[in-house]
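K.L.:
Just need the structure, nothing else, for what follows:
(chains A and B)
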Amino acid sequence: MTWIVKYLWLIPALPMLAAGISALAPQRCRKFSSSLAIGSMGLALLLSLWAFVNSVQQGGVDGADRYFNFAWLQFAAGDAGILKLGWVLDPLTAVMLVMVTFVGLLIFIYSVGYMAHDENFTRFFTFLSLFAGAMLGVVIANSLLLLFICWELVGLTSYLLIGFWYHKPSAAAAAKKAFITTRIGDVALLLGMVWLYHETGTLLFYDDGAGCLETSALAKLIATTTSVGMAVSTAIGLLIFAGAVGKSGQVPLHVWLPDAMEGPTPVSALIHAATMVAAGVFLVARVFPLMGAHAEGAAAETAALQTVTWIGAITAVFAASIAVAQNDIKRILAYSTVSQLGYMMMGLGTGGVAVGMFHLITHAFFKALLFMGAGSVIHGCQEEQDIRKMGGIRKYMPITFATYAVGMLALAGFPLLFSGFWSKDEILHAAHGWPVSHVPFYLGVAGAFLTAFYMTRQVALVFLGPNRSRAWESADHSHARGNPPTHVGGKDKGAPHESPAVMTWPLIILATCAIVLGFIGTPMWPWFQSFLGQEHGEGLTTGVVALMVVSSLIVFAGIGVGWWLYGRKPIQRADKSDVLEKLPAGAYTWLERKYGVDELYEISVIRFNAWFARACDFLDAWVWGGAVKLVSLITLGLSWVSRVFDEFVINLGFDQSCDGVSRGGKLMSRWQDGRVQNYLRVIGVALTVLVIILVWGGSR
Amino acid sequence: MSYLDILKLAAPETIVVLAALAVLAVDLTVMRGTETRLRFVIGGMVAGVGCVAAAAWLVVVPTHGGVWGGMMVVNELTQLIKVGLLALTLFTVLISLEADFTAHVGEFLALILLATVGMMFLVSAENVLMVFVALELTSLSLYILTAFNKRNVRSAEAALKYFLFGGMAAAFMLFGLSLLYGLSGSTNLREIAAALASNGLDPLLVVAIVMTVIGFGFKVAAVPFHLWAPDAYEGAPTPSAAFIASGSKVASFFIFAQVMMIGFAGAEGSGAWRNYASGWVPAIAMVAALSMVLGNLVAIVQSNVKRLLAYSAIAHAGYALLGILANSEFGMASLIYYVITYGLTTLGAFGVVAAVEQGTGDAKLSDFAGLSRRAPFLSFCMFIFMLSLAGIPPLAGFFGKFYVFAAVVKDGAVHLGLLWLVILAIAMSAVSLYYYLQVLKRIYVADLPTGAEALRVPMTAQVALGMLAAGVVLLGCFPGLLVERLTALVLLVGQP
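P.N.:
Numbers count the residues shown, from 1 in each chain, chains lettered A, B, ... in the order given. Purely as a prediction, here's the structure:
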């Protein structure tokens, strides 16, 4: 075992340590806490790169001997009573480590600029570091339990960061929504975990043949069937997948992710684009052997994987269509994230680990880029988030525009040059070859079209055309309205401005990655896929090329329609209606209201829940509360009796004698007499009673 | 066996005795007439060096063996416990360095060391005669330590009470042990068990058992032999009380378990709800149940923190007795884990009380009001100690209880009968949370009394308390560090 495998825990431990230290630091130590967070993340990145290089050198597709387990807790005697935790360094972990630390580092740096004026700067970096540590813990875990612990920590920090501006009611509500919605999935995950432990007796993924993802355990899981005739492996896989659905915002648990955009933008970039939401995809990739476990001769497309595919495909097109009709710059990106996560799930379900993970990695970079670009735009436009009130920002923020355009083209899947094209094409290709059904493929293609369309719409509205910002306009025309001039020479304060270098440099770096990263997984040179252990024999065949051409055409069509509707003749005023509102039968409103899923939950789950809560409250206040009060009264009464017994019967006269001693020796004799008697009496009585009980019991 | 070999076996004890003599000599000659604080520092250093040297000997020179029919048995397990005892002694010395209740520094420290020697011999004893002698050495030192605050009449009173009660308990115990000798013809625990195995449970043996239980019940402050404890804890100088509650408990519980598990092997009986049979298990089960109920309930209405800790100690004695009731290797290991972690925690709690008492003059609950603003670090340590005593994970107190409870219900068929006791223990733990949180509420929520200023806490005490708190957290997060080793050692030395 090499050094890096044994000490892999250092990677999550470093940011956690930084979080711990800066949590203790006073609020004014702004520079200290940000440098601490960035420094720890930098070190973690170096270690991750080392781990990555080490993993590449091994060339080992097999993660089986690259783990380190240790005994954590002994809850019963013997080997079976030892609960083990551990970590593993397989290609999956190595890739994720580098991605999380690299993107995380850039976002940390960016946050220094973005959060510069926030008074809770120190707290922000504490949470960010804690989040990064937890996320890295998820990545390296070699035990479902350790993964779950870190997974919950990730959920907690996500809650803390979404609600970072807790004085805003919407942020507080969004934080709660995110926490509770993901918790629904987590309950299923916990159930799956307990079941898995029950069946296999271990939660370690790899443990020298005894781990739950290794052959013997899998064979056992396939062989056992549940009462409804489903293989246990499938049932557990579905439960675990439910956890991933919550975390990765898949339908029907996607509702929290758009609301989570109430958090600071770096948080959206870090948590809700690049890392945390990807944790669900990662989890499915991690337990892929379990999901894909099938008996000899049975179809490779297990029920679990089919579910993953269908959920992913539906999510992909569902979220993309909602994104078309949104006007909040971050919400569009949020729905786009949901949609892209659907693609990843679809990739996992149809093409295996490498296909899904490839899109996860490329997406992490360009989506972080887009979010940070959006943050830069918001920062430059006085916290304006409505794209109808932007426009023409290109000339004020050239760097942001250029990098945003790169991100948009990558997300849209612009052919050949951008990473998104290659990874999305992989997924579509896998879906095309899926033997079960072709519907996911068509859904994916429709989603690709919509993606290209709404991204073009967004870029056209934000960066092109005239500026429609009301605040800025009124400054321009203040003379005409008879107001005193609000600005004295120089550049208008209200005008959008480019962000500082600490924010633009991360954008530039990410933009470069968004282009370059695609080339490690092209059909011509499928290095990424072979690293993750998936043979990719086809190369550049006619079928592949034809599919590429088709998907390129789709993308061009999407961009073209978007340009035709929004770019050609840009809208002039913010309150002008959207072109799509002319669509028949109120389709636009329907989309704008996100298919009414929130409202549906509002009238069904939430109303029921509120009713149930009221019922529980009633029970609690009247039935249980009464019982508890009764018990507490009895307890208090008993304790009074005990006290009276102890202090007035047994210690009779003792407390009084305490005063007596201080007053003089006169009472001394009486005190001593009483005490000895009483004390001896107790011993004597105890002896007698115990002997009688024991003798009587023995003679029975 | 030559005297040199015996000396080797008893080397750690000898070192501590020498340290006690050295403390006395230094304090009464060189340091005579200097200021109390300096004498405490110098004396404490000598005592500390003695403890560390003895512990180092135990760790570095692994001598094993026994003499004269179990008069002194040295093995890996007893060595580990002795190291724990020395650590508790060291911490006691550390928290007493700033004490101002006495000018007889040398005597105070020497008595602590002598009590430690008694405990170390106690741990090694497998012979009832030696058990009694060592127990008396410990107890006599502790009586004097209780009386050490000569300016406070309550201290003398508490000591007298403690002494009289202890004397009676010792008399009963000696009587019981002599009966045992009469029945078996031996003073060695294992030989006693072998001799008793052929006879049934005759009434004389029952009397012997009950009398032995009384003697040990007094030492571990279990109901109804607890009457001395609240008064002694309250009246004694706080470092003495801390020592009585920590070190003395560890040694007493261990030897209690040894005597019961080894000496009375075969006379267990059964304390099951429906399947009662006479023996020492039902006797101790009753004592444990009474301790848990009375200790926890009475603690609720206390207004003095030292008295509260005394009743908490009574309750904890009840929990710990479950470890003896388990009557298995795992029970033994969990008992030792329990008492060591409990010793660390309660020592820390008393350390905090000592600091507060020095600052405010008393240790009533109201004296703790607003402590978090007067001494944040001290409050944080108290926070950890209280939660650990209440058994909140991931602190050591939780795992102590967990292992003890688990040990009792472990061997389903045999021990499930004691399930009622475990359920009672869990219910009572819930009750106990109330009064521990009462203390924390005073510290963190209650308003600062007007005119109160920051509390001056001596550096040594802060370091000692910080280390104790860290130990409690560490043993809680990694219980395996200690408990796995203990289990292995108990299996190795072949306890019952």
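K.L.:
can you give me the helices in the stretch 201-350 of chain B?
P.N.:
B:203-220, B:228-235, B:238-245, B:247-258, B:280-300, B:305-326, B:329-360 (DSSP state H, counting those that start in this stretch).
K.L.:
hang on, I meant the stretch 201-350 of chain A
P.N.:
A:215-223, A:232-247, A:256-259, A:265-269, A:276-286, A:288-291, A:303-324, A:329-351.
K.L.:
Format the helices of the stretch 201-350 of chain B as a markdown table; extra columns: mean pLDDT, distance to residue A:556 and mean neighbour count.
P.N.:
Where C-beta positions appear, they are placed from N, C-alpha and C, glycine not excepted. Shown next, in a markdown table, are these (pLDDT from 0 to 100; distance: least, CB to CB, whole Å; neighbours: other CB atoms under 10 Å in any protein chain shown):
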| stretch | mean pLDDT | distance to residue A:556 | mean neighbour count |
| --- | --- | --- | --- |
| helix B:203-220 | 89 | 84 | 24 |
| helix B:228-235 | 86 | 85 | 26 |
| helix B:238-245 | 91 | 81 | 29 |
| helix B:247-258 | 92 | 80 | 25 |
| helix B:280-300 | 85 | 77 | 25 |
| helix B:305-326 | 90 | 75 | 28 |
| helix B:329-360 | 90 | 70 | 26 |
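K.L.:
any chance of those in TSV, plus distance to chain A?
P.N.:
As requested, those are exported to TSV (distance: least, CB to the nearest CB, whole Å):
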stretch	distance to chain A
helix B:203-220	4
helix B:228-235	8
helix B:238-245	17
helix B:247-258	16
helix B:280-300	4
helix B:305-326	9
helix B:329-360	6
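K.L.:
mind putting those in TSV, distance to residue A:687 included?
P.N.:
Below are the helices of the stretch 201-350 of chain B laid out as TSV (distance: least, CB to CB, whole Å):
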stretch	distance to residue A:687
helix B:203-220	6
helix B:228-235	17
helix B:238-245	24
helix B:247-258	17
helix B:280-300	11
helix B:305-326	18
helix B:329-360	25
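K.L.:
Which residue would you name as the spatial centre of chain A?
P.N.:
Nearest to the mean C-alpha position of chain A, by CA atoms, centre = their mean, lies residue A:276 at 2.8 Å.
K.L.:
related to what we said a few turns ago, now the helices of the stretch 201-350 of chain A as JSON lines including mean pLDDT and distance to chain B?
P.N.:
Shown next, in JSON lines, are the helices of the stretch 201-350 of chain A (pLDDT from 0 to 100; distance: least, CB to the nearest CB, whole Å):
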{"stretch": "helix A:215-223", "mean pLDDT": "84", "distance to chain B": "25"}
{"stretch": "helix A:232-247", "mean pLDDT": "90", "distance to chain B": "24"}
{"stretch": "helix A:256-259", "mean pLDDT": "86", "distance to chain B": "30"}
{"stretch": "helix A:265-269", "mean pLDDT": "83", "distance to chain B": "29"}
{"stretch": "helix A:276-286", "mean pLDDT": "89", "distance to chain B": "24"}
{"stretch": "helix A:288-291", "mean pLDDT": "87", "distance to chain B": "29"}
{"stretch": "helix A:303-324", "mean pLDDT": "89", "distance to chain B": "34"}
{"stretch": "helix A:329-351", "mean pLDDT": "90", "distance to chain B": "34"}
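K.L.:
Kindly reformat those as JSON lines containing distance to residue A:499.
P.N.:
Shown next, in JSON lines, are those (distance: least, CB to CB, whole Å):
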{"stretch": "helix A:215-223", "distance to residue A:499": "51"}
{"stretch": "helix A:232-247", "distance to residue A:499": "31"}
{"stretch": "helix A:256-259", "distance to residue A:499": "24"}
{"stretch": "helix A:265-269", "distance to residue A:499": "11"}
{"stretch": "helix A:276-286", "distance to residue A:499": "24"}
{"stretch": "helix A:288-291", "distance to residue A:499": "40"}
{"stretch": "helix A:303-324", "distance to residue A:499": "25"}
{"stretch": "helix A:329-351", "distance to residue A:499": "15"}
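K.L.:
distance of the residue nearest to the centre of chain A from residue A:444?
P.N.:
24 Å (CB to CB, to the nearest Å).
K.L.:
that older thread, can you check which of the helices of the stretch 201-350 of chain A gets nearest to residue B:377?
P.N.:
helix A:265-269 (33.4 Å; CB to CB).
K.L.:
Least confident secondary structure element in chain B?
P.N.:
Lowest by mean pLDDT, DSSP states H and E among the helices and strands of chain B is helix B:412-415, with a mean of 52.
K.L.:
what is the orientation angle of the next helix or strand after it with helix B:280-300?
P.N.:
Using DSSP states H and E, the helix or strand that follows helix B:412-415 in sequence is helix B:419-444. Angle, helix B:419-444 to helix B:280-300, by axes from the mean of the first three to the mean of the last three CA atoms, to 10 degrees: 20 degrees.
K.L.:
In terms of secondary structure, what does the helix or strand following helix B:419-444 contact?
P.N.:
Per DSSP H and E, the first helix or strand lying C-terminal to helix B:419-444 is helix B:459-477. Counting contacts by 3 or more CB pairs under 8 Å, 6 or more residues apart in numbering or on different chains; DSSP states H and E, helix B:459-477 packs against helix B:76-96, helix B:329-360, helix B:376-390, helix B:396-410, helix B:480-493.
K.L.:
residue ranges with poor pLDDT in chain A?
P.N.:
Across chain A, the ranges flagged by pLDDT under 70 are A:1, A:59-65, A:76-78, A:469-495, A:534-540, A:570, A:572-587, A:647-680, A:697-700.
K.L.:
And chain B, by the same measure?
P.N.:
B:1, B:270-276, B:411-416, B:494-496.
K.L.:
residues in contact with the residue sitting nearest the centre point of it?
P.N.:
With distances taken as CA atoms, centre = their mean, the residue of chain B nearest its centroid is residue B:249 (1.6 Å). Contacts for residue B:249 were tallied using CB atoms under 8 Å, 6 or more residues apart in numbering or on different chains; they are B:220, B:313, B:317, B:339, B:342, B:343, B:346.
K.L.:
List phi and psi for residue A:67.
P.N.:
phi -130, psi 170 (degrees, to the nearest 10).
K.L.:
So what's the residue count around the closest residue to it other than its chain neighbours?
P.N.:
Sequence neighbours aside, residue A:88 is the residue nearest to residue A:67 in space, at 4.0 Å (criterion: CB to CB, 6 or more residues apart in numbering or on different chains). Neighbour count of residue A:88, defined by other CB atoms under 10 Å in any protein chain shown: 27.
K.L.:
how close does residue B:290 get to residue A:266?
P.N.:
Relative to residue A:266, and taking CB to CB, residue B:290 is found at 60 Å.
K.L.:
Please identify which helix or strand holds residue A:635.
P.N.:
Assigned by DSSP H and E, residue A:635 falls in helix A:625-644.
K.L.:
Ok, residue B:42 next?
P.N.:
Short version: residue B:42 belongs to helix B:36-60, going by DSSP H and E.
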